[in-house]
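>>> give the three-dimensional model of this entry:
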Amino acid sequence: MSLRWKIILLLAFAFVLTLGSTVAVERYVLLPSYLALERHTAVTNMERCVDALRGEVDHLAILCNDWAAWDDTYRYIEDDNPQYVAANLTPETMKNAHLDVLCFCNVHGKIVWTNLERAPASGDGRLATLAGAALPLEDPLLRDALAGQAVQGVVLTERGPMLAVSRPILTSNSEGPSRGAVIMGRLLNEKALQALTERTRVDLVAWPIDDALESALAPPDRHAFRAVVAGEPRALQEESRGRLNVYATVPGISGAPALFLKVRQPRDISAQGRTMGRFTVASNAAASLALMLLVWVLLERMVVKPLTRLTAHTTRVGQTGDLSAQLPMPRRDEIGALAGEFNRMVRSLAEFRARLLDAAHRAGMADTAVGVLHNVGNALNSVGVSTEVLGEKLRQSRVESLGKAAALLNEHRDHLGTFLGEDERGRKLTDYLPKLCKLLLDERRQLLGELDALAGRVQHIKDVIAAQQVVAAAPWLTQDENVEQILEEALSLHGDLLRQHDIEVQRDIAALPVVRTSRRKLVQVLENLIKHATESMLQTQGTERRLTVRATRPTARIVRIEVCDTGAGFPPGDRERIFAQGYTTKAQGAGIGLHYCANAMIELGGRIEAHSDGPGHGARFVLDLPLQAAGVTP
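Purely as a prediction, here's the structure:
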């Protein structure tokens, strides 16, 4: 994967991570905080409604206390004077105070004066009682007031819940004893609830708590009613995504829940939170995308493109090997420093390569000279053997016997007929001369054969030297060659040596196609391998000496030549370094011949391998010549 795509994937991952983090924060932090704020606001609105009801009761209590702790009221309860009623208890008084109930009772429970707006005609309800003649002394509104205690709260009436207060009748100095109680009430009807809703700006619903309320409520309201009656101060119900309901109870004058309240809170806060969350996610996504694009543009311009140029230049130099190419990148950052160092390295590498080529050339010349000397030395060894054979045959020649016969004939030339016919020596001479002639002819043929072989070896030396003289100007001459003839020529170069040391030669040569190769070079390789095998077998004593030369075609594209011997062999661990220059297992060896063979096979487009089962188990050298590379169609 390229650096550009890695950066793109990294930026995409960073964008996704940022977007995911924003969504997670919006979903698990911001939105829950808005929901919590919404619930808190709903509970606060309920508290405001409850506080507003308490405020109504407190306001009513203050008004009631003003009437109850007044000397005129204190005297009125005793004397029931009509002036007090005419001056104070007028219809305007009820209207201005927004009272639905105003009642004066003495200490015996007798209702001295009462006035009810829309009083019921009859019945047993609270309003009917307050409109009657007397209150029971155990009535909380009267009982606690007579005991000097203030009573206020919610009472249930036949016309609905009512805010009621009761205060003991005392002097203006709030001194007693109490002469009764003043009771005031304000019904929580629809009008009162509407006014409360407008004042608190809260959607409020109120139900009086009675035995039939639970069954009359809707299922969500019923569930909340059970929760608050069971002791929970507030209950919340999500009626829908558009509204949140909060429930609470208001205690009556006896302390028991008397009023069940429901505040319907619009879910504007959570909706705003969701809107803000979506806006936050969208804005962060847009900002992150813009930032990633900006980072990509900067990285593309400042990093990716320069690195791409540097990489392309490096690749081009590596592929073409043109060490003269320079990359102009005048930058003062790390990439510019890297490009400068690369240019400097390429210049240094070009100088080093020039020196290396010169050294390689010199080493190649030296290696070539060593190979030439080695091959010439091998050929000279064969020349030496042929010279010894010629000398030995000449020393054993029967020419001297021919001279003696000639001298004997010359001695008796005057009576040659008598000598040949009557003399015993003459008669033997006539038998000896034909035999001697035949021996001399055989001897001449052998000497001519040795001379031909010697001439071939000398010509081989000339070819080696001539080939090395033109090696710098032209490659080895390649042409279609017969593998069997090349093998026979290589064997003939060491034929006398093989016969001299009684080395058995086995040939296993299959029918093979012609191979396009250099005859001289391949002959030199085989001649080196045969010489190496012969010397290896001469190192061993008391073993069978056998040289096997095999030529096969293992595949359609390869001709394989094998040279096997029963000589000293080599350790299997030396297989990889046996062709290295300087490696040898012979006491007088220089480690040149096998090294030359390996290089020559590479030049011929083939390969060479060596195999041995270990010291004393002989060796096998395998030459593979490619037919296709040699230009021959199988």
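>>> kindly report the domain assignment for this protein.
Listed by automatic domain parsing, the domain ranges of the chain are 40-266, 326-474, 476-634.
>>> closest to residue 296 out of the ones you listed?
Closest approach to residue 296 among those (CB to CB): domain 326-474, 17.2 Å. Heads up, the C-betas are built off the backbone N, CA and C, glycines and all.
>>> all helices for the stretch 301-450 of the chain, in order.
Counting by DSSP state H, counting those that start in this stretch, the stretch 301-450 of the chain has helices at residues 305-320, 334-395, 399-411, 416-422, 424-469.
>>> returning to that earlier point: which one of the domains of the chain lies closest to residue 15?
The nearest among the domains of the chain, by CB to CB, is domain 326-474 at 25.5 Å.
>>> same question for the closest one, mean pLDDT?
Domain 326-474 comes out with an average pLDDT of 71.
>>> also stretch 219-239?
Rounded mean pLDDT across stretch 219-239 is 87.
>>> in TSV, list the domains of the chain along with mean neighbour count.
Shown next, in TSV, are the domains of the chain (neighbours: other CB atoms under 10 Å):
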stretch	mean neighbour count
domain 40-266	17
domain 326-474	14
domain 476-634	17
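>>> dump the helices of the stretch 301-450 of the chain into JSON lines; add distance to residue 597 as well.
Converted to JSON lines, those look like this (distance: least, CB to CB, whole Å):
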{"stretch": "helix 305-320", "distance to residue 597": "33"}
{"stretch": "helix 334-395", "distance to residue 597": "10"}
{"stretch": "helix 399-411", "distance to residue 597": "44"}
{"stretch": "helix 416-422", "distance to residue 597": "64"}
{"stretch": "helix 424-469", "distance to residue 597": "14"}
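>>> quick one: closest of the ones you listed to residue 598.
helix 334-395 (11.0 Å).
>>> tell me where the stretch 451-600 of the chain has strands.
479-481, 504-509, 515-517, 546-555, 558-565 (DSSP state E, counting those that start in this stretch).
>>> low-confidence ranges, the stretch 101-250 of the chain, go.
117-124, 240-241 (pLDDT under 70).
>>> and stretch 276-284, how far out from the chain's middle?
32 Å (CA atoms, centre = their mean, to the nearest Å).
>>> next, the buried residues of it.
277, 280, 281, 284 (16 or more other CB atoms under 10 Å).
>>> can you tell me the element residue 211 falls in?
Using DSSP states H and E, residue 211 sits in no helix or strand.
>>> an error on my part: the question was meant for residue 289.
helix 268-299.
>>> roughly how far apart are residue 493 and residue 218?
120 Å (CB to CB, to the nearest Å).
>>> and if you look at residue 584?
Note on residue 584: its distance to residue 218, by CB to CB, is 110 Å.
>>> same check on residue 298?
62 Å.
>>> what do you get for residue 561?
Taking CB to CB, one finds residue 561 at 106 Å from residue 218.
>>> what's near enough to touch residue 41?
Taking CB atoms under 8 Å, 6 or more residues apart in numbering, we find residue 41 in contact with 265, 269.
>>> now it, what are its backbone angles?
Dihedral pair for residue 41: phi -60, psi -40, per degrees, to the nearest 10.
>>> state the distance from the closest residue to residue 425 other than its chain neighbours to residue 422.
Nearest residue to residue 425, sequence neighbours excluded (CB to CB, 6 or more residues apart in numbering): residue 408, at 6.8 Å. Distance, residue 408 to residue 422, using CB to CB: 15 Å.
>>> for residue 246, same thing?
Applying CB to CB to residue 246 and residue 422 gives a distance of 172 Å.
>>> please apply the same query to residue 278.
151 Å.
>>> over to residue 508?
63 Å.
>>> same deal with residue 6?
In terms of CB to CB, residue 6 sits 120 Å off from residue 422.
>>> nearest residue to residue 501 in space, ignoring adjacent ones along the chain?
Nearest to residue 501 is residue 538, by CB to CB, 6+ apart, at 6.2 Å.
>>> ok, that neighbour touching residue 498?
No - if you go by CB atoms under 8 Å, residue 538 and residue 498 don't touch, sitting 10.8 Å apart.
>>> remind me which helix or strand the residue nearest to residue 132 when sequence neighbours are not counted belongs to.
Spatial nearest neighbour of residue 132, chain neighbours left out: residue 111 (6.7 Å); criterion: CB to CB, 6+ apart. For residue 111, the host element (DSSP H and E) is strand 111-116.
>>> so what touches that strand?
76-77, 80, 85, 89, 94, 100-106, 127, 130-135, 180.
>>> report the backbone C-alpha coordinates of the next helix or strand along the chain from it in CSV.
Sequence order places helix 126-130 as the next helix or strand after strand 111-116, per DSSP H and E. Only the C-alpha atoms of helix 126-130 are listed here, as CSV (Å, rounded to 0.1, in the frame of the first residue of the first chain):
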residue,chain,number,x,y,z
ARG,A,126,-68.7,20.6,53.6
LEU,A,127,-70.4,23.6,52.0
ALA,A,128,-73.8,22.6,53.2
THR,A,129,-72.4,22.3,56.8
LEU,A,130,-70.8,25.7,56.6
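>>> who touches whatever helix or strand comes next after helix 126-130?
Proceeding N to C from helix 126-130, the next assigned helix or strand is helix 140-146, under DSSP H and E. With contact meaning CB under 8 Å, 6+ apart, helix 140-146 is reached by 105, 107, 109, 135-137, 150-151, 155, 164, 166-168, 178, 180-183, 253-254.
>>> circling back: give me the sheet partners of the strand holding residue 111 and which way each runs.
Next to strand 111-116 in the sheet, as set by DSSP bridges, lie strand 101-106 (antiparallel).
>>> returning to what we had before: I'd like the distance from the strand holding residue 111 to the chain centre, please.
For strand 111-116, the distance to the chain centre is 92 Å (CA atoms, centre = their mean).
>>> same deal with stretch 164-180?
That offset, for stretch 164-180, works out to 89 Å (CA atoms, centre = their mean).
>>> what distance separates the start and the end of that stretch?
16 Å (CA to CA, to the nearest Å).
>>> what do you get for stretch 221-236?
10 Å.
>>> what does stretch 88-98 give?
One end of stretch 88-98 to the other measures 15 Å (CA to CA).
>>> who wins for proximity to residue 260 among the strands of the stretch 451-600 of the chain?
Of all the strands of the stretch 451-600 of the chain, it is strand 546-555 that lies closest to residue 260, at 102.3 Å by CB to CB.
>>> mind listing the strands that closest one pairs with, and their directions?
Here, using DSSP bridges, strand 546-555 pairs with strand 504-509 (parallel), strand 558-565 (antiparallel).
>>> name the residues that touch the shortest one?
Around strand 504-509, the neighbours that count as contacts under CB under 8 Å, 6+ apart are 483-484, 487, 491, 498, 544-552.
>>> now the last one
Applying CB under 8 Å, 6+ apart, the set of residues contacting strand 558-565 from outside is 483, 487, 512-513, 515, 526, 529-530, 533-534, 536-537, 546-554, 618-627.
>>> now with 6 Å, please.
512, 515, 529, 533, 536-537, 547-554, 618-625 (CB atoms under 6 Å, 6 or more residues apart in numbering).
>>> that strand - what's its average pLDDT?
Mean predicted lDDT for strand 558-565 stands at 93.
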